[in-house]
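*Asks:* give me coordinates for this.
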Amino acid sequence: GDLWISTQELLKFDGTTWTEYQNQFWPIYSIDQGPDGTIWIGGNDLKKFDGINWTTVTGYPDDQIMSLSVDENNILWVGTSFEGLASFNGTNWSVYNKDNTPFREAWIMHVRTNSNNEKIIGTQKGLYSFNDVSWSEIKTSNSSLPSNYMEKISVGMTGKKWFSGIHGLCSFDNHEWISY
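*Replies:* Model prediction:
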């Protein structure tokens, strides 16, 4: 697929040619591509690109999208700065916040989905995992996280999860935590 990069503009590299989309998206905090090929861009608004047209999506609970990720069922998961986590099935929004989850705060630093359809959410007060049925809270007290403040999450091709925060980097392969 194409490589999408956010600088002061949005750039797409198809392996041969760079395409630049100027200033219509600034700021950009997160980019992801769904299984159907749709590109999602989050920042001070939410946009989607179907390969031909850009569309602004409305109805989400906060005007600042910090992170977004599309799961295996093509559901968009959006981490916001003030209203928690939201999911969008293409028609309706659902909100997950301190009132209906174990979240201890509303600021979602990062959200990432993996091939098992698990949602991994990073906050300033720990990590959370959601499998569409139940929530798990991951903190320094029950894991080898170097800090509860988790800014970035990545999932490798083998399923290993990578976490970074203010006190370092660690990984988890569903059996062993490693700090770097």
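*Asks:* what about the nearest residue to Ser144 once chain neighbours are set aside, distance to Glu151?
*Replies:* Nearest residue to Ser144 in three dimensions, chain neighbours excluded: Trp177, at 3.3 Å (Cβ to Cβ, 6 or more residues apart in numbering). C-betas here are computed from N, CA, C, even on glycine. Trp177 sits 18 Å away from Glu151, going by Cβ to Cβ, to the nearest Å.
*Asks:* surely Gly156 meets Phe163?
*Replies:* No - using Cβ atoms under 8 Å, Gly156 is not in contact with Phe163, being 12.0 Å away.
*Asks:* quick one: contacts for Asn148?
*Replies:* 123-126, 139-140, 165 (Cβ atoms under 8 Å, 6 or more residues apart in numbering).
*Asks:* make it 10 Å
*Replies:* Asn148 makes contact with 104, 122-127, 138-141, 165-167, according to Cβ atoms under 10 Å, 6 or more residues apart in numbering.
*Asks:* next, it: secondary structure please.
*Replies:* Three-state assignment for Asn148 (DSSP: H, G, I helix; E, B strand; the rest coil): coil.
*Asks:* which of Gly156 and Phe163 has more neighbours?
*Replies:* Neighbour totals were compared for Gly156 and Phe163, and Phe163 leads with 26 against 11 (other Cβ atoms under 10 Å).
*Asks:* what sits against the more buried one?
*Replies:* 110, 112, 120, 122, 127, 138, 143, 145-147, 150-154, 169-172, 177, 179.
*Asks:* how about Val155: what's its closest non-neighbour residue?
*Replies:* Asn114 (4.4 Å).
*Asks:* measure the one you found to Thr19 for me?
*Replies:* From Asn114 to Thr19 the distance is 29 Å (Cβ to Cβ).
*Asks:* neighbour-wise, which of these two wins?
*Replies:* More crowded of Asn114 and Thr19, by other Cβ under 10 Å: Asn114, with 19 against 11.
*Asks:* low-confidence regions, the protein specifically.
*Replies:* 8, 22-25 (pLDDT under 70).
*Asks:* which residues of it fall in helices?
*Replies:* Along the chain, counting by DSSP state H, no stretch forms helices.
*Asks:* can you flag which of the contacts of Phe163 belong to strands?
*Replies:* 110, 112, 120, 122, 127, 138, 150-154, 169-172, 177, 179 (DSSP state E).
*Asks:* mark which of the residues you listed are buried, thanks.
*Replies:* 110, 112, 120, 122, 127, 138, 150-151, 153, 170-172 (16 or more other Cβ atoms under 10 Å).
*Asks:* was I right to think the residue nearest to Val155 contacts Phe130?
*Replies:* No - using Cβ atoms under 10 Å, Asn114 makes no contact with Phe130, being 11.4 Å away.
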